[in-house]
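Enquirer: here you go, sequence then predicted model.
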Amino acid sequence: MSELRTPLTAWHEAHGAKMAPFAGWLMPIQYEGILAEHVHTRQHAGLFDICHMGEFLISGPGADAALARAVSHNLQTLKPGRCRYGFLLNGKGGVLDDGIVYRFGQDDFMMVVNAACAVNDFAVLRERLPEEVTLSDISAATGKVDLQGPESLDVLEAVLGQDFHDLGYFAFRETRWQGEKLLVSRTGYTGELGYELYISSGKTVAFWEALLADDRVKPVGLGARDTLRLEAGLPLYGHDLDGEHTPTEAGMGRMLTSTADYVGREGAARADEMLIPLRIEGRRAARHGDAVALPDGTVVGRVTSGSFAPSLGCVIALAWVPAAHAADPTFTVCAARAQLPAQRVELPFYTQGTARRKW
């Protein structure tokens, strides 16, 4: 079965990107190299093709209350023009997916979900929402690009000719570019100042090229996107989040503030295991699935994400361990060819605008 293509796939191929399958899509992994793209995003502005993500519209009488029962997001305090991160949970409190809900009006929302989960998410939402609430999948008609980095605001204002200094974190604004509707969201997945930009799929290539016309911007592939998000301590669904673990176990219990009786609420506080951050000196990286052991050699967990951190000069990882050992100071990661001493640290590994360690 061939991979799906985004509106930008042909552009990536024509500009020499290294391509590979990701969540059923053919996506750019890198252009000039993961390290160079990572550093450029931290210092200037990187542009990411995220058109593979899923976007759903939820609207109609009673959509507010119905959606609040379907997802963990606190909609009671979410105002129009604001968006919020949260979870779609199963009945036991495990994470079916994570994503962002945007509120346009009292009963008017957009939900953005992961590409690999989009089909199942839509089916789950349709089952949980009453018939009078409209649920529409607009993914195919929607292009999404992310502009991230300390110079992203200056670039955005230059390209759009508008002032976005007053747009707060997890706020969004609807505007227009060349007559086309554009949603500008101050959110992202890198730990830097950044914006997620939604435009029609037919205008995506032209908008992408307009942003790249600014010398401060370079295209960035999924390779650097992964190292950037891991440095910021942000989870990846299917690696650090899954249906067997709760948001509390993933260290996100603080986000479960909704007072609605949403699916999975009772189990969401369960914490049999915990997702912990680890630091490993050197450049030999821990990999997804590597065993995690106590100092006496007893295997107690596994690595979910691991990589060399270009901004910090060491290896970092996230790992599941039993809650009873979540505060232990030291572990050993059993990599393919070495036993790697690991130290438990705190998140985020990287602090925006600096390369300060928290250890």
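Expert: Okay, I see it. Numbering: from 1, shown residues only.
Enquirer: and the contacts of stretch 270-278?
Expert: Outside stretch 270-278, the residues within contact range by Cβ atoms under 8 Å, 6 or more residues apart in numbering are 92-93, 233, 235, 240, 245-246, 248-251, 253, 286, 292, 301, 303-304, 316-323, 326, 331, 333, 342-347, 349. In short, each C-beta sits where N, CA and C put it, glycine included.
Enquirer: surely Gly99 is in contact with Asn114?
Expert: Yes - with contacts counted by Cβ atoms under 8 Å, Gly99 reaches Asn114, the gap being 6.7 Å.
Enquirer: which of the contacts of stretch 270-278 fall in strands?
Expert: Members of the contacts of stretch 270-278 lying in strands (criterion: DSSP state E): 292, 301, 303-304, 316-322, 331, 333, 342-344.
Enquirer: overlap in contacts of Gly99 and Asn114?
Expert: Shared between the contact lists of Gly99 and Asn114 (criterion: Cβ under 8 Å, 6+ apart) are residues Asp121.
Enquirer: phi, psi for the residue of the chain most remote from its centre please.
Expert: Residue farthest from the centre of the chain, counting by Cα atoms, centre = their mean, is Asp296 at 35.4 Å. Recorded main-chain torsions at Asp296 are phi -80, psi 0, according to degrees, to the nearest 10.
Enquirer: quote the end-to-end distance of stretch 337-350.
Expert: With Cα to Cα, to the nearest Å as the measure, the ends of stretch 337-350 fall 27 Å from one another.
Enquirer: quick one: mean pLDDT for that stretch?
Expert: Along stretch 337-350, the predicted confidence averages to a pLDDT of 96.
Enquirer: buried set for it?
Expert: Across stretch 337-350, burial judged by 16 or more other Cβ atoms under 10 Å covers Leu340, Ala342, Arg344, Val345, Pro348, Phe349, Tyr350.
Enquirer: try stretch 61-69
Expert: Going by 16+ other Cβ under 10 Å, stretch 61-69 has these buried residues: Ala63, Asp64, Ala66, Leu67, Ala68, Arg69.
Enquirer: do stretch 131-144 as well
Expert: Burial within stretch 131-144, assessed by neighbour count using 16+ other Cβ under 10 Å, is assigned to Val133, Leu135, Asp137, Ser139, Thr142, Gly143, Lys144.
Enquirer: now, those residues that are in strands?
Expert: Helix and strand membership here follows DSSP E; of the buried residues of stretch 131-144, those in strands are Leu135, Asp137, Thr142, Gly143, Lys144.
Enquirer: ok, which pair from the buried residues of stretch 337-350 is furthest apart?
Expert: Checked with Cβ to Cβ, these reach their widest spread between Leu340 and Pro348, with 21.1 Å between them.
Enquirer: what backbone torsions are found at Leu222?
Expert: The phi and psi torsions at Leu222 (degrees, to the nearest 10) take the values phi -70, psi -20.
Enquirer: neighbours of Ile29, how many?
Expert: Other residues within reach of Ile29, judged by other Cβ atoms under 10 Å, total 18.
Enquirer: if I look at it, how far off is Ala140?
Expert: Ile29 sits 23 Å away from Ala140, taking Cβ to Cβ, to the nearest Å as the criterion.
Enquirer: then Phe48?
Expert: With distances taken as Cβ to Cβ, Phe48 is found 19 Å from Ala140.
Enquirer: same check on Asp121?
Expert: Using Cβ to Cβ, which is the criterion applied here, Asp121 is 15 Å from Ala140.
Enquirer: again, but for Asn74
Expert: Computed with Cβ to Cβ, the distance linking Asn74 and Ala140 is 30 Å.
Enquirer: same thing with Asp261?
Expert: Relative to Ala140, Asp261 is positioned 33 Å away (criterion: Cβ to Cβ).
Enquirer: next one: Ser307
Expert: When distances are taken as Cβ to Cβ, Ser307 and Ala140 turn out to be 32 Å apart.
Enquirer: same thing with Leu96?
Expert: The spacing between Leu96 and Ala140, counted by Cβ to Cβ, is 22 Å.
Enquirer: do the same with Gly161
Expert: Taking Cβ to Cβ, one finds Gly161 at 29 Å from Ala140.
Enquirer: ok, Arg84 next?
Expert: Distance, Arg84 to Ala140, by Cβ to Cβ: 25 Å.
Enquirer: what of Pro295?
Expert: Between Pro295 and Ala140 the distance, using Cβ to Cβ, works out to 52 Å.
Enquirer: now do Glu196
Expert: When Cβ to Cβ is the yardstick, Glu196 and Ala140 sit 18 Å from each other.
Enquirer: higher neighbour count, Gly99 and Asn114?
Expert: Ranked by neighbour count (other Cβ under 10 Å), Gly99 and Asn114 place Gly99 first, with 23 against 19.
Enquirer: how about the secondary structure of that one?
Expert: strand (DSSP: H, G, I helix; E, B strand; the rest coil).
Enquirer: tell me how many other residues crowd the nearest residue to it once chain neighbours are set aside.
Expert: Spatially, and ignoring its direct neighbours in sequence, Gly99 is nearest to Val113 (4.2 Å; Cβ to Cβ, 6 or more residues apart in numbering). Val113: 25 surrounding residues under other Cβ under 10 Å.
Enquirer: returning to what we had before: now, the buried residues of stretch 61-69 that are in helices?
Expert: Judged by DSSP state H, helices contain the following of those: Ala63, Asp64, Ala66, Leu67, Ala68, Arg69.
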